[in-house]
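A.B. asks: Need coordinates for the below:
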Amino acid sequence: MRVDTADRSAQYIKGVGPDRLKLLKRLGISTIKDSLRYFPARYEDRSNIKPISQLKPDIYQTIKGKVVSSSIFRTRSAMTIFQLVVSDGTARLYCLWFRQPYMKKYFKENDIIILYGKIQKATKLQVIHPEYEIIRDEARQEDTVHTGRIVPIYPLASGVNQRSLRRIIKNSIEQYASYVDEILPVRIQARHKLLDICSAIKNIHFPSNESQREQARRKIVFDEFFLLQLVLAIKRYKLKNMPNGKAHMVEQRKEEEFFKGLPFRPTDAQKRVIKDVKVDMRNPRPMNRLIQGEVGSGKTLISAYGFFLTVVNNHQGAIMVPTEILAKQHYLAFCSLFAPLGITIALLINGMKKKEKDEVLQSIASGLVDIVVGTHTLIQKKIEFKDLGLLVIDEQHKFGVEQRGALKMKAKNYDILIMTATPIPRTMAMTLYGDMDISIVDELPQGKRDVKTMWVDSSRINEVYVFVREQLKEKKQAYIIYPVIDESSAFKSEGAAKMYKKLQDDIFRDFKVGLIHGRLDDNEKHGIMKNFKKGEIDLLVATTIVEVGIDISNASVMVIENAERFGLSQLHQLRGRIGRGKGPSYCLLVSDARTEEARQRLEAIANTEDGFKIAQEDLNIRGPGELFGKRQHGLPELALGNLLSDVDILEEARKEAFSLVEEDPKLCHPSYTELRKELNENFKDKFHFGLIG
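C.D. replies: Modelled structure (predicted):
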């Protein structure tokens, strides 16, 4: 759309004054472009006009007739009723509006009118508060807005009703839809038999039939996906063609020394992904790879190999993790692995004393430290690397896009490795990580993860406690997880703090019980986890703080209270804390789930341990907007596109976008003028790089 027109205030739309503009802003409609892209939530088919004599009670139906008479009368309680009598020659219909006497001025005898409402059969055939439309020109009946057609139903806000909003959007389309510029190249539009954008906008709001609506939606969804994939294609191109990257080479002798020092043999999946990383890092173009793998699949080893490569090439490595507990765990693991190779590791977290932190910062800047393990403290401005060669972000969805972007500004042209134990369905990966190469660690080390999952009603909680006691008597350890720290009336849930006292003083008084949650300071949290790992705590009462990176091989039981309060992927992550030692482990989901969605989640987690199946089911149940919030991925929200139902369109759009960038990376051809404008106006600030040079 022409910028000056698109960005004009919605007050330029016929029927919108200053007061109405304030109401429209509650819906996010400030400009003309906003109004054209405020799409219906659903539709009602009001096109099937029935003779009045054939109307059926208790059904919403559409009729067309002439106004016979109108009148106002009062009930015994002094309530005014406006009555309109309509006839179509087959019978009469009585239309009633309560407390709206002013409506009498809208209708004249013999007016042609179309009505839509729920028909009632009392002493006579009637309809209360129907939608109506007066047809002033029968030759232009197709221009109806509220009746006699497929009618759009929009999301509303306080002070805005369907009737007025529908009319405003109709006016906006009539005034400005022809100003909307086509962004798709003609050949792509023709190849996929897409409507032109002006027709698509008209028919997504006011379609004449279902086929037109579907065609309009397909066009708009294709455009959405195409723009998004084009951004990712350009970003991928720029990363792949970034000059002066770091080519990591390694002697076979040194590589063999690294693998000989491992306390275990890598799985075939680990070997395959390590090979991907090796090929990427050997190339002078920066690596930009995502590694997905189940909890316990050995992603840490892959990152360790990457660090080994960058250090033997005289560069530094850094890994950012979401919690201090996980940072300390990685630090100890890397120290054990790299000490024999003479590689120095530093820990950088908030809980350190100032003097100690300053010494670490100085060592990083001077190059005395080879690998830095830290939390979000790594993004602080005062941290400088001498020569960063590899950045690893672990459980990256725990960080906002701004945090990740700040860390990426610490150096130039280094390799990036992102790791996640949250399996990402293919459609999400194509959208969130479409600019990245993806490797999957789809194999667990031999003997790992024998976890039996059961869903039990809260009425059986005492049986659950008996079972936990039996496991503790066998010298095993256990977790009991609560959704909140303190008691919540909104959740109808006991809090971890209160239940800790009850469990410690009563039910498990003959065992050592610990408590961990997010409000404890970092030293307390680390001390509790250290004692749990050493076996000095038998039962750990916790919140979701243990969701990521806690490795206690002796823990064989996890009880999750109010399990319906957790998302599927979160339940899977929590369950991943057990099943790390020998023998079977048990995950008990305690819930009185009442909603269908909650039942679906609990049945899914109880029936499979396959993280990708669980992630797909989570996507099906909750939708992409809930699964990965906008704060995390930083992408603009899709107005119409759906990653579940529109996979075919997404794949078509992605193929076209990546092909176009391969042919013309800077979109120099004159036919891409509108495309360049759209990208730079609407996407440039949402990514940490310039789109079109």
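A.B. asks: Just give the number of residues close to Q54.
C.D. replies: When neighbours are counted by other C-beta atoms under 10 Å, Q54 registers 10. To be clear about C-beta, it is placed using only N, CA and C from the backbone, and glycine gets the same treatment.
A.B. asks: now the strands: where do they sit in the stretch 251-400 of the chain?
C.D. replies: Under the criterion DSSP state E, counting those that start in this stretch, strands of the stretch 251-400 of the chain are mapped to 288-293, 316-320, 345-348, 371-374, 388-394.
A.B. asks: Kindly reformat those as TSV containing mean pLDDT.
C.D. replies: As requested, the strands of the stretch 251-400 of the chain are exported to TSV (pLDDT from 0 to 100):
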stretch	mean pLDDT
strand 288-293	89
strand 316-320	94
strand 345-348	95
strand 371-374	95
strand 388-394	91
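A.B. asks: Would you map the helices across the stretch 351-500 of the chain?
C.D. replies: 354-366, 401-408, 426-432, 461-473, 496-502 (DSSP state H, counting those that start in this stretch).
A.B. asks: what's the most buried one of these?
C.D. replies: Neighbour counts (mean count of other C-beta atoms under 10 Å) averaged over each of those peak at helix 426-432, with a mean of 20.
A.B. asks: Could you report the neighbour count for the residue lying closest to L368 once chain neighbours are set aside?
C.D. replies: Spatial nearest neighbour of L368, excluding adjacent residues (C-beta to C-beta, 6 or more residues apart in numbering): T344 at 6.7 Å. Using other C-beta under 10 Å, T344 has 16 neighbouring residues.
A.B. asks: ok, now R213?
C.D. replies: The burial count for R213: 19, using other C-beta under 10 Å.
A.B. asks: any idea of the angle the helix or strand hosting it forms with strand 288-293?
C.D. replies: According to DSSP states H and E, R213 maps onto helix 210-240. Calculated by axes from the mean of the first three to the mean of the last three C-alpha atoms, to 10 degrees, helix 210-240 forms an angle of 110 degrees with strand 288-293.
A.B. asks: Could you give the average pLDDT over helix 210-240?
C.D. replies: Across helix 210-240, the average pLDDT comes to 91.
A.B. asks: Give the buried residues for that helix.
C.D. replies: 212-213, 215-239 (16 or more other C-beta atoms under 10 Å).
A.B. asks: Of all the strands of the stretch 251-400 of the chain, which one comes closest to K170?
C.D. replies: Nearest of those to K170, taken as C-beta to C-beta: strand 288-293 at 45.0 Å.
A.B. asks: measure the nearest residue to P445 once chain neighbours are set aside to G293 for me?
C.D. replies: Spatial nearest neighbour of P445, excluding adjacent residues (C-beta to C-beta, 6+ apart): T267 at 5.8 Å. Between T267 and G293 the distance is 10 Å, computed by C-beta to C-beta, to the nearest Å.
A.B. asks: So which of those two has more stuff around it?
C.D. replies: Neighbours per residue (other C-beta under 10 Å) separate T267 from G293, with G293 holding more: 24 against 19.
A.B. asks: After the helix or strand bottoming out on mean pLDDT in the chain, which helix or strand is next?
C.D. replies: One helix or strand of the chain scores below all others by mean pLDDT, DSSP states H and E: helix 630-633, with a mean of 44. As assigned by DSSP H and E, the chain's next helix or strand after helix 630-633 is helix 647-663.
A.B. asks: Looks like I516 contacts H526 (just checking).
C.D. replies: No. Counting by C-beta atoms under 8 Å, I516 stays clear of H526, with 9.9 Å between them.
A.B. asks: neighbour count winner among these two?
C.D. replies: I516 (24 against 19).
A.B. asks: wait, what's in contact with that one?
C.D. replies: K525, I528, M529, L540, V541, A542, T543, I545, V546 (C-beta atoms under 8 Å, 6 or more residues apart in numbering).
A.B. asks: Tell me the one of those nearest Y672?
C.D. replies: Distances from Y672 to the contacts of I516, taken by C-beta to C-beta, are shortest for I545, at 49.1 Å.
A.B. asks: Hmm, A157 is touching R26, no?
C.D. replies: Yes. Between A157 and R26 a contact is recorded at 3.9 Å, counting by C-beta under 8 Å.
A.B. asks: my read is V86 is in a helix, agree?
C.D. replies: No. Using DSSP: H, G, I helix; E, B strand; the rest coil, the secondary structure at V86 is strand, not a helix.
A.B. asks: Spatially nearest residue to it (excluding sequence neighbours)?
C.D. replies: G65 (4.2 Å).
A.B. asks: In this structure that neighbour contacts A91, no?
C.D. replies: No. G65 is beyond contact range of A91, at 9.2 Å (criterion: C-beta under 8 Å).
A.B. asks: any common contacting residues for the two?
C.D. replies: Common neighbours of G65 and A91 (C-beta under 8 Å, 6+ apart) are I52.
A.B. asks: If you count surrounding residues, which of the two has more?
C.D. replies: Neighbour count, other C-beta under 10 Å: between G65 and A91, G65 has more, with 22 against 16.
A.B. asks: can you pull the contacts of the more buried one?
C.D. replies: I52, V86, S87, D88, G89, L93, I112, I113, L115 are the contacts of G65 under C-beta under 8 Å, 6+ apart.
A.B. asks: which SS class is it?
C.D. replies: Per three-state DSSP, G65 ends up strand.
A.B. asks: Pairing partners for it in the sheet, please.
C.D. replies: I113 (DSSP bridges).
A.B. asks: Look at it and report its pLDDT.
C.D. replies: 95.
A.B. asks: Could you report the distance from it to L55?
C.D. replies: Distance from G65 to L55, by C-beta to C-beta: 11 Å.
A.B. asks: G567 now?
C.D. replies: 47 Å.
A.B. asks: Give me the more crowded residue out of the two.
C.D. replies: The residue with more neighbours, out of G567 and L55, is L55; 19 against 15, by other C-beta under 10 Å.
A.B. asks: Contact partners for A41?
C.D. replies: I153, Y154, P155.
A.B. asks: wait, what's in contact with I52?
C.D. replies: Counting by C-beta under 8 Å, 6+ apart, I52 makes contact with I63, G65, V86, S87, D88, T90, A91, R92, L93, L125.
A.B. asks: Repeat that for Q120.
C.D. replies: P57, D58, Q126, V127, I128.
A.B. asks: Disregarding flanking residues, what is the spatial nearest neighbour of the second one?
C.D. replies: Sequence neighbours aside, K118 is the residue nearest to D58 in space, at 6.8 Å (criterion: C-beta to C-beta, 6+ apart).
A.B. asks: That neighbour bridge partners, please.
C.D. replies: If you apply DSSP bridges, the partners that K118 bridges to are Y60.
A.B. asks: Report how many residues lie close to it.
C.D. replies: K118 has 13 neighbours, counted by other C-beta under 10 Å.
A.B. asks: Pretty sure L290 sits against I438.
C.D. replies: Yes. L290 lies in contact with I438 (C-beta under 8 Å); the separation is 4.9 Å.
A.B. asks: Quick check: neighbours shared by the two?
C.D. replies: Joint contacts of L290 and I438 (C-beta under 8 Å, 6+ apart) are A429.
A.B. asks: Looking at those two, which is more packed in?
C.D. replies: L290 (21 against 16).
A.B. asks: which residues touch the more buried one?
C.D. replies: Contacts of L290 by C-beta under 8 Å, 6+ apart are I418, M419, T420, A429, Y433, M436, D437, I438, S439.
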